[in-house]
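Novice: Prediction below, plus the sequence it came from.
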Amino acid sequence: MAEKLDTLLAQVDSTKAHLERIPQILKRFRQAVLAAAVNGRLTESWRTENASKTTKNLLRDHIPLPKPARWKTRATSLILGVHATAVGNPGKSPVAEWQWVPLVDVARMESGHTPSRNKPEYWDGEICWIGIRDANRNHSSTIFDTEQKTNELGIANSASRLLPKGTVCISRTASVGYVVKMGKSMATSQDFVNWVPSDVIDADWLKWLFVAEKESLFKFGKGSTHTTIYFPEWLSLHILLPHISEQLEIVRRVEQLFAYADTIEKQVNNALTRVNNLTQSILAKAFRGELTAQWRAENPDLISGENSAAALLEKIKAERAASGGKKTSRKKA
């Protein structure tokens, strides 16, 4: 029994160790998918079949959006991101069909604000207000509800703005790099920069771009204790932009591959639950005699007659009775 237990429990530990490594493998898989999505590798064959779907053709009739009020404060230095973002214009595109484009030309930049906390009448209304905790909980997803809510009075008496459905929000201070897409009209705190896409940008593609570029965001920020990405850098931000049709194809493929990874992760979690329960199940079977049923069938002489459990118990009782009847004598001093 001890030998079987050692073998089975070792197998359980080995299986558990293998399963516990899979979430890290899936995390690296998702990162690789996003990297391939924003650097053009994921849709190389698609571009071959859709040669006319280029950024140049996309922007031919697009009128750049009006420059933000702080445009003159934009950063003038060049900071290269990891894949498809940069502060300033890097120049030549690594993907022939794509172009570097100022983000402010194709999406409207909006900031956020917090209505006064000293005015309770500004809060507990019906307008969702995105804070850092909301972005943390919903990172890389579409957000439909928030922990705190303001109201029309709070919006009217602050610099906060009610932004439309589809706005992409990126945390730029305190906790840099959380990305959410608004599932309905909402406002945000000042910890976010918000982008309202024009008709040449798909909101989900923009969301995935910033999720993929989290490392780049830290390169664009400043501060040793708490990184902050200031608005001059956001005003000068350039993105490597595909055609809108390719953006939609990228989103479709990313979400399909992520759904596949999510299915595997769910199966792994279910398997881990079963494995964690397996040790107790094996021990229960051992002490019910189920692990050694075949051994008993093959060795009847070792469990019958004088070797039976009943005979062994009688022998133990007899030995205890014999030792209990003896009195120890004391030597007189």
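Specialist: Cool, got the structure. Just so it is clear, the structure is predicted and the values come from calculations on it, not from any experiment. Numbering: from 1, shown residues only.

Novice: okay, CA-based contacts and neighbour counts for the rest of this
Specialist: Will do.

Novice: avg pLDDT for the regular element (helix or strand) spanning residue 126?
Specialist: Element membership for residue 126, per DSSP states H and E: strand 123-130. Averaging the model's pLDDT scores along strand 123-130 yields 97.

Novice: Identify the residues contacting the helix or strand following that strand?
Specialist: Next along the chain after strand 123-130, taking DSSP H and E as the criterion, comes helix 132-137. The contact list for helix 132-137 (CA atoms under 8 Å, 6 or more residues apart in numbering) reads 146-147, 171, 175, 178-180, 191.

Novice: returning to what we had before: how far is the strand holding residue 126 from where the chain is centred?
Specialist: Put simply, strand 123-130 sits 26 Å off its chain's centre (CA atoms, centre = their mean, to the nearest Å).

Novice: What pairs with it, parallel or antiparallel?
Specialist: strand 148-150 (antiparallel), strand 187-188 (parallel) (DSSP bridges).

Novice: Which residues belonging to the first one are considered buried?
Specialist: What it means is strand 148-150. Within strand 148-150, the residues that count as buried by 16 or more other CA atoms under 10 Å are 149-150.

Novice: Can you classify residue 72 by secondary structure?
Specialist: What DSSP: H, G, I helix; E, B strand; the rest coil gives for residue 72 is helix.

Novice: if I look at it, how far off is residue 121?
Specialist: Separation of residue 72 from residue 121 (CA to CA, to the nearest Å) stands at 37 Å.

Novice: who's more crowded, these two?
Specialist: Higher neighbour count among residue 72 and residue 121: residue 121, with 13 against 10, using other CA atoms under 10 Å.

Novice: so that one, which of the three states?
Specialist: Assignment for residue 121 (three-state DSSP): helix.

Novice: Return the residues in contact with it.
Specialist: Here residue 121 is in contact with 153-154 (CA under 8 Å, 6+ apart).

Novice: From residue 320, how far out is it?
Specialist: For residue 121, the distance to residue 320 (CA to CA) stands at 82 Å.

Novice: cool, and residue 232?
Specialist: 89 Å.

Novice: likewise residue 173?
Specialist: 76 Å.

Novice: For those two, work out which one has more neighbours and name it.
Specialist: The neighbour comparison of residue 173 against residue 320 (other CA under 10 Å) goes to residue 173, with 21 against 11.

Novice: Isn't that one up against residue 225?
Specialist: No - contact between residue 173 and residue 225 fails when scored by CA atoms under 8 Å: they sit 11.0 Å apart.

Novice: Give me the number of neighbouring residues for residue 274.
Specialist: Neighbour tally, residue 274, other CA under 10 Å: 13.

Novice: err, residue 13, not the other one
Specialist: Neighbour tally, residue 13, other CA under 10 Å: 14.
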